[in-house]
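Quick one: sequence and predicted model below, then my questions.
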Amino acid sequence: MLKINDLRAFLRPFLGARLALAVLVALFFAACGGDSRGETSSRESRAGNAPLCSDSVQFYPLEYARLLRMGVSCGQPLAEIRSVVGRDTLVKRFVLVDSALASDTATLRKLSAGREWAGAVPLRVPLRRVVVLSSAQLGFMERLGVESRIVGVGEGRYIVDSALAARVTAGEIVEVGNGPQVSLEKVVSLKPDLVMTFATGGAYDDYERLSTLDIPLMLTSEWQEDTPFAKFDWISLFAKLFGVEPQAALVTKTYSGLIPDMAKKEADPLTACRANGPRVIAGMAYGGVWYAPGGRSYTASLIRQAGGCYLWAGDTTREMKLSLEEIFAVADSADVWVNPGIYGTPEEILAAEPRLSRIRAFREKRVCQNDARKSAGGGNDFYEGAVARPVELVWNLHGCIFSEKAPKTGEKKPDEPYRWYRNIYN
């Protein structure tokens, strides 16, 4: 760098003092703040104002999830979440910044992982305090052993995990409400690092109100995935958020070799049918209309993985509406009935629609419902703990579809003690 005194001596014979000073000042700032990229970066870093990266985002593959992408850019972990809301798809992006690199909120907000990610939400990880408004989110946290970081939930009566429910009862976890009843004041008072919820596109959604708060908000959409294994892929996101990748690796290792073999069945939806597996009907009638999962739905995949031949396995939609006449036309060919709506006893089913007694699976007492593990307030562990235990869930449904009896005292089955499905007649 040219020394200032030398520069002044050099200019004096040729220019007036005022012009020399102007040139001097211009050259000084050009020398100190101009093209020296290293000095600029160093100064910006010291000011907590790191420049945008120009690197492209490098995504690493998730085996089965279609609504979650994880990646990295300039050393920073990234997450992209897609949520289907009505006819629209919301895309939310997050930059997961190590707490050691962002000691205050102002610095955190200046960090970015690439120009195309400039609008991403920065999150300081690992998260220490979270408000969780979805059962599945609870399930992933319970599986990873980080439920102690939950400071707020929607309603405690729906929590199945007894230890977590006890913390709500003791006042250690605050109930903030769900949907239109969510208390923004309570959420703010908890000072969470993140609020986690979901969106359906219905009147019960709370994410628009929560988005008005100056608190990071994440919508997860694992519940919209089409297979048990795609839902389970989301455990990698929770591992990153809470800094427990080693625990997630141990959990995933328990399924190594099992999930890949089971997932191969997705390539041919009719595999179980060709193997002469039990023929399965699913859904329930409301107001004279039968609502059934489509052939590309989560329920259809679960039945397929469990070895059942779903009657509408060849369908290419996620949900179907059928008349009762259409159901009765195929009902006698079904060996098993799975997921009869919200009803847990034969009496409840007949009270809702007496004509369903004509279904052969009902007459032969082979009806499987997923409500074997519930909280006192009506919460269902099928939507909480089961999402993080896909193999146990498949084994459990397999046992119900194939009419395998519960083990005797002292015996152990692969899905014990996790039994979500039960025959409503037992």
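Cool, got the structure. Numbering: from 1, shown residues only.

C-alpha only now, for contacts and for neighbours.
Will do.

Now do the same contact list for the nearest residue to residue 390 once chain neighbours are set aside.
Among residues not flanking residue 390 along the chain, residue 228 sits closest, at 5.4 Å (C-alpha to C-alpha, 6 or more residues apart in numbering). Residue 228 makes contact with 298, 301, 302, 387, 390 under the criterion C-alpha atoms under 8 Å, 6 or more residues apart in numbering.

Out of those residues, the closest to residue 69 would be?
residue 387 (18.4 Å; C-alpha to C-alpha).

following the strand or helix carrying residue 330, which helix or strand comes up?
Using DSSP states H and E, residue 330 maps to helix 324-331. Per DSSP H and E, helix 324-331 leads on to strand 336-338 as the next helix or strand towards the C-terminus.

Return the list of strands paired to that next one, each annotated with direction.
Sheet pairing of strand 336-338 (DSSP bridges) gives strand 279-282 (parallel), strand 367-369 (parallel).

Tabulate the ones you listed in JSON lines, adding columns for mean neighbour count.
Listed next are the strands paired with strand 336-338 as JSON lines, based on neighbours: other C-alpha atoms under 10 Å:
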{"stretch": "strand 279-282", "mean neighbour count": "25"}
{"stretch": "strand 367-369", "mean neighbour count": "26"}
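
do you know which of these lies nearest residue 192?
Nearest to residue 192, of the strands paired with strand 336-338 and by C-alpha to C-alpha, is strand 367-369 at 36.6 Å.

ok, and what's touching that closest one?
336-340, 344, 361, 400-401, 421-425.

counting contacts, what elements does the next helix or strand after that strand pack onto?
Downstream of strand 367-369, the next assigned helix or strand under DSSP H and E is helix 390-401. For helix 390-401, the packing partners by 3 or more C-alpha pairs under 8 Å, 6 or more residues apart in numbering; DSSP states H and E come out as helix 228-233, helix 298-305.

Ok, which of those comes nearest residue 141?
Closest among the helices and strands packed on helix 390-401, using C-alpha to C-alpha: helix 228-233, at 12.2 Å.

Now the helix or strand that that closest one is followed by: average pLDDT?
Remark: after helix 228-233, the chain's next helix or strand is helix 235-242, criterion DSSP H and E. Here helix 235-242 scores 97 as its mean pLDDT.

next one: stretch 61-77
On average, stretch 61-77 scores 88.

And it, how far out from the chain middle?
13 Å (C-alpha atoms, centre = their mean, to the nearest Å).

how about it as PDB, C-alpha atoms only?
In PDB, the C-alpha atoms belonging to stretch 61-77 read as follows (Å, rounded to 0.1, in the frame of the first residue of the first chain):
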ATOM      1  CA  PRO A  61     -30.000 -37.700  -1.300                       C
ATOM      2  CA  LEU A  62     -32.700 -38.800   1.100                       C
ATOM      3  CA  GLU A  63     -33.800 -42.300   0.300                       C
ATOM      4  CA  TYR A  64     -37.600 -41.900   0.200                       C
ATOM      5  CA  ALA A  65     -38.900 -38.400   1.200                       C
ATOM      6  CA  ARG A  66     -40.200 -36.300  -1.600                       C
ATOM      7  CA  LEU A  67     -41.100 -33.200   0.400                       C
ATOM      8  CA  LEU A  68     -37.900 -32.700   2.200                       C
ATOM      9  CA  ARG A  69     -34.400 -31.900   0.900                       C
ATOM     10  CA  MET A  70     -31.300 -31.500   2.900                       C
ATOM     11  CA  GLY A  71     -28.100 -29.900   1.600                       C
ATOM     12  CA  VAL A  72     -25.100 -27.800   2.300                       C
ATOM     13  CA  SER A  73     -23.500 -24.600   0.900                       C
ATOM     14  CA  CYS A  74     -20.400 -22.800   2.000                       C
ATOM     15  CA  GLY A  75     -20.200 -25.200   5.000                       C
ATOM     16  CA  GLN A  76     -23.700 -24.400   6.200                       C
ATOM     17  CA  PRO A  77     -26.400 -27.100   6.400                       C
END
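
Give me the contact list for it.
By C-alpha under 8 Å, 6+ apart, stretch 61-77 touches 53, 55-60, 78-83, 95-97, 113-114, 221-222, 225, 227, 229-231, 233-234, 237.

I'd like to know which of the residues you listed are buried.
Neighbour-count burial (16 or more other C-alpha atoms under 10 Å) applied to the contacts of stretch 61-77 gives 53, 57, 78-83, 95-97, 113-114, 221-222, 225, 227, 229-231, 233-234, 237.

Now stretch 188-208: buried residues?
190, 192, 193, 194, 195, 196, 197, 198, 199, 205, 206, 207.

and what of stretch 281-299?
Buried residues in stretch 281-299 (16+ other C-alpha under 10 Å): 281-285, 290-299.

quick one, helices of the stretch 51-200 of the chain?
With DSSP state H, counting those that start in this stretch as the definition, the stretch 51-200 of the chain shows helices at residue ranges 105-110, 135-144, 162-169, 184-189.

which residue sits closest to residue 190, ignoring its sequence neighbours?
Nearest one to residue 190, counting by C-alpha to C-alpha, 6+ apart, is residue 151 at 6.9 Å.

coming back round to it: out of the contacts of strand 367-369, who's nearest residue 381?
residue 421 (10.4 Å).

pLDDT wise, what is the closest one at?
For residue 421, the predicted pLDDT is 97.
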